[in-house]
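Quick one: sequence and predicted model below, then my questions.
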Amino acid sequence: MIELRHVGIVVDDIESELLLWTEGFAFQISSDLIEEGPEVSGLIGLDEVKLRSIKMKSDNSKCLVELIQFFHPKTLIESRPKCVNSQGITHIALTVKNLGETISRLERFAVTIVGRPTLSRNQATQGVYVRTNQGVLIELVEEL
């Protein structure tokens, strides 16, 4: 059996991103650790790693979201955010209860709305993309 365990998001300001996930999306923290030493360096293939990782989950999912801030080596900051049509993983999709209320709640966290809320072709969902101040692209989906 294969099951999605967690999604890791590297940020350079873990505190601001943490507020978005805990207050904006109502995720709960399941661990908050400083990790360093040969085990973590060996696992990720970088020398002398020191990082902070915060794992969080929503009420109804076993999959965790992990925020990671590197202290050594420093977090690499991309010159521009990844586009949705870039190769590789581009976004995370979250199911929300009410798209309009979620967008309103997220406004205080300096997210940028990308595109506009759109009804799916089969009219079963509506959704919109938002980008966090750390450049993470999130698709918000409301099932109708």
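Ah, there it is.

Provide the count of other residues in contact range of the closest residue to residue 46 other than its chain neighbours.
Setting aside the residues directly before and after it, residue 46 is nearest to residue 73 in space (CB to CB, 6 or more residues apart in numbering), at 6.1 Å. For every residue, glycine as well, the C-beta is placed using N, CA and C. Neighbours of residue 73 under the rule other CB atoms under 10 Å: 12.

The one 3 residues further on now?
One way to gauge burial is a neighbour count; for residue 76, by other CB under 10 Å, it gives 8.

Now do the same for the residue lying farthest from the centre of the chain: its pLDDT.
Using CA atoms, centre = their mean, the residue of the chain lying farthest from its centre is residue 122. It sits 27.3 Å away. Residue 122 is assigned a predicted lDDT (pLDDT) of 96.

cool, and residue 56?
97.

and what of the one 4 residues further on?
At residue 60 the predicted local confidence, pLDDT, stands at 85.

and if you look at residue 79?
So residue 79 comes in at 68 (pLDDT).

Report the residue spans of this structure with pLDDT below the cut-off.
79 (pLDDT under 70).

So what does the closest residue to residue 106 other than its chain neighbours have for phi and psi?
Leaving aside its sequence neighbours, residue 106 sits nearest to residue 24 (CB to CB, 6+ apart; 5.0 Å). Here is the backbone geometry of residue 24 (degrees, to the nearest 10): phi -80, psi -40.

Just list whatever residues bridge to residue 9.
Note on residue 9: beta-bridge partners by DSSP bridges are residue 67.

now swap in residue 56 and tell me
residue 29, residue 65.

same deal with residue 93?
residue 139.

Just list the residues touching the residue nearest to residue 46, thanks.
Contact partners of residue 73, counting by CB atoms under 8 Å, 6 or more residues apart in numbering, are 46-49.

could these be laid out in TSV, adding distance to residue 18?
Formatted as TSV, the contacts of residue 73 follow (distance: CB to CB, whole Å):
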residue	distance to residue 18
46	23
47	27
48	25
49	20
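
Now rank these by neighbours and give me the top one.
Counting neighbours by other CB under 10 Å, the top entry in the contacts of residue 73 is residue 49, with 20 neighbours.

Could you find the closest non-adjacent residue to that residue?
Per CB to CB, 6+ apart, closest to residue 49 is residue 41, 4.5 Å.
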